[in-house]
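[1] only geometry, no sequence info:
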């Protein structure tokens, strides 16, 4: 059967040999004391990349997002969020434990509510209502099929937030994918956000790590919450070196993942599958099935192709730096035989 083709997620990537070399050579110190030079460099480089004053290195995207909520809100504050956003859907209800903010969920295409609905759901400030505090957005949007959301699509929501005195946080776990797909700079997509998280361990191929970026005083407080949550690492430069290598070498190559995903989507359509692609697709392909997704996943796994479920009859296939053209060909063959 040969090697497995793993399309479950871009989190499954392995560090390249060159990235491993960079990790081995990393200069390190104690980051909790602020003395790890590689972590410090990564935080400076990431802040500049995201167009923010400062950033803090954390183990995971979930921790970055939960720290963002802690730093923006107080207990009982109201966060407006799309019901399919990662923070709401995939972070284990962490906000109930840590920030104790309340979520008001909204719906809409490609992970975006309409400005009108957002405005309508923001209630007057009085003692009967939670205090409206934060709008949380996501780009690219995972459950919307990796949709890359342009600044022009995000700005109407940001403007409503500003009108009502809300801060704005962007879950930018895959913001590099969005920028590459839209042919713009990362900073242009984050400029209007008060805070932004970015992950290195997805399409960028690092084994561990994310950053949270924003104003310096905001990040100073975020460091306190990182400590609370157990995210104060010591000689973390070994991990930060992977993030630096990813920024320097793996952003432009995301286009290769997008091209492979587009070919996969087109060929699956030709084979008779119903494929949902957002208006600006990136490295994800969503396949709607006429049968149980678990059955299809098990069959494909037996043939050496791993995919994930996004619903009872919905699959997600994700391209990444460990997926080759030959892997796409093999995947298409297995889907074709499954159809037959």
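    Structure's in. What do you need? All figures in this text were calculated on a predicted structure; none of them were measured in a lab.
[2] okay, CA-based contacts and neighbour counts for the rest of this
    Will do.
[3] quick check: longest strand of the protein.
    Within the chain, and with DSSP state E defining each element, the longest strand by residue count is strand 132-138.
[4] list the neighbouring strands of that strand plus their orientation.
    For strand 132-138, the paired strands and their directions (DSSP bridges) read strand 78-82 (parallel), strand 167-171 (parallel).
[5] out of the ones you listed, which comes closest to residue 313?
    strand 78-82 (21.9 Å; Cα to Cα).
[6] ok, residues contacting the closest one?
    By Cα atoms under 8 Å, 6 or more residues apart in numbering, the residues outside strand 78-82 that reach it are 88, 101-108, 111-113, 118, 130-137.
[7] now swap in stretch 58-77 and tell me
    Here stretch 58-77 makes contact (Cα under 8 Å, 6+ apart) with 87, 91, 94-95, 98-102, 130-134, 167, 169, 171, 173, 195, 197-199, 208-212, 218, 221-222, 225-226, 229, 231-232.
[8] now the buried members of those residues.
    In the contacts of stretch 58-77, burial by neighbour count holds for 87, 94-95, 98-102, 130-134, 167, 169, 171, 173, 195, 197-199, 208-212, 218, 222, 225-226, 231-232, counting by 16 or more other Cα atoms under 10 Å.
[9] among these, which are in strands?
    When those are checked against strands using DSSP E, the ones located there are 102, 132-134, 167, 169, 171, 195, 197-199, 210-212.
[10] columns distance to residue 181 and pLDDT on top of those, output as CSV?
    Conversion of those to CSV gives the following (distance: Cα to Cα, whole Å; pLDDT from 0 to 100):
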residue, distance to residue 181, pLDDT
102, 33, 96
132, 33, 96
133, 31, 97
134, 27, 98
167, 26, 98
169, 21, 98
171, 17, 98
195, 22, 98
197, 19, 98
198, 16, 98
199, 17, 98
210, 21, 98
211, 21, 98
212, 22, 98
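[11] which member of these is positioned nearest residue 281?
    After measuring these against residue 281 - Cα to Cα - the closest member comes out as residue 171, at 17.5 Å.
[12] and for the closest one, nearest residue in space, chain neighbours not counted?
    Counting by Cα to Cα, 6 or more residues apart in numbering, residue 171 lies nearest to residue 138, which is 4.6 Å off, once chain neighbours are set aside.
[13] let me see the contact set for that neighbour.
    So, once contact is read as Cα under 8 Å, 6+ apart, residue 138 ends up touching 85, 86, 111, 170, 171, 172, 173.
[14] repeat that for residue 308.
    Counting by Cα under 8 Å, 6+ apart, the residues that residue 308 touches are 7, 8, 9, 297, 315, 316, 317.
[15] one more time with 10 Å, if that's ok
    Neighbouring residues of residue 308 by Cα atoms under 10 Å, 6 or more residues apart in numbering: 6-9, 286, 293-294, 296-297, 314-318.
[16] give me phi/psi at the residue nearest to it when sequence neighbours are not counted?
    In space, and not counting its chain neighbours, residue 308 is closest to residue 8: 4.9 Å by Cα to Cα, 6+ apart. The phi/psi pair for residue 8 (degrees, to the nearest 10) reads phi -60, psi -40.
[17] can you give me the helices for this protein?
    In chain order, the chain shows helices spanning 17-24, 37-49, 61-72, 86-89, 94-97, 115-121, 151-163, 175-182, 186-190, 216-228, 237-249, 254-270, 293-302, 325-339, with DSSP state H as the criterion.
[18] in the first one, what's buried?
    Along helix 17-24, the positions that meet the burial threshold by neighbour count (16+ other Cα under 10 Å) are 19, 20, 22, 23.
[19] average pLDDT for that helix?
    Averaging pLDDT along helix 17-24 yields 98.
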